[in-house]
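Asker: 3D model of this:
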Amino acid sequence: MPRKPNNSRQTRALLATFLERSRTWRHGYDLSKETGLSSGTLYPLLMRLSEQGLLEERWQQAERPGLPPRHVYRLTASGLALAREQELAAVAAERAGALA
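Answerer: Have a look, this model is predicted:
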C-alpha cells in the first residue's frame, strides 16, 4: 500500500513547481534547478509521488541525436488536486499570519 503524500516543504515546493505548468512533461534536471532540491531529495520524491499516483512518468527521446532518453513527469488528476489543495492551504496560512 503506497504511503500517504507528505506535506514536507520539499514536497510542497515540487508540487507547486508542477502546478505552474500542470500539463507539461518535466524532467528532473529542470525540476532540480527550479526547486533548488538536490538529486538525492528530488528523485526519491518523484518516485514516491509517482507510486502514489500523483505523477505520471514516461521516457522521452532526446531532442538531439546521441543523447540518452530522459525520464519525464507530469501531474495526474489526483496530483493536480493535491497541488491545488496545498496551494490554497498555503494562501490561507499566509492570510492568517498577516491578520495575527
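
Asker: Please make it C-alpha for all contacts and neighbour counts, starting now.
Answerer: Will do.

Asker: my hunch is that A96 is in a helix, does that hold up?
Answerer: Yes: counting by DSSP: H, G, I helix; E, B strand; the rest coil, A96 falls inside a helix.

Asker: Low-confidence regions, this structure specifically.
Answerer: For the chain, residues meeting the criterion pLDDT under 70 lie at 1-5, 100.

Asker: Spatially nearest residue to R23, not counting backbone neighbours?
Answerer: R74 (6.3 Å; Cα to Cα, 6 or more residues apart in numbering).

Asker: One more: Q10?
Answerer: Counting by Cα to Cα, 6+ apart, Q10 lies nearest to L37, which is 7.3 Å off, once chain neighbours are set aside.

Asker: now swap in A16 and tell me
Answerer: Closest to A16 by Cα to Cα, 6+ apart is A83, at 6.3 Å.

Asker: which ones are touching the closest residue to H27 other than its chain neighbours?
Answerer: Nearest non-adjacent residue to H27, counting by Cα to Cα, 6+ apart: V72, 4.4 Å away. Counting by Cα atoms under 8 Å, 6 or more residues apart in numbering, V72 touches 25-28, 57-60.

Asker: Which of those residues are buried? Put it as a ChimeraX command.
Answerer: Here is the ChimeraX selection string for the buried members of the contacts of V72, based on 16 or more other Cα atoms under 10 Å:
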select :25,26,27,28,57
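
Asker: which one of the contacts of V72 is nearest L99?
Answerer: Lowest distance from L99 to the contacts of V72 (Cα to Cα) belongs to R26, with 36.8 Å.
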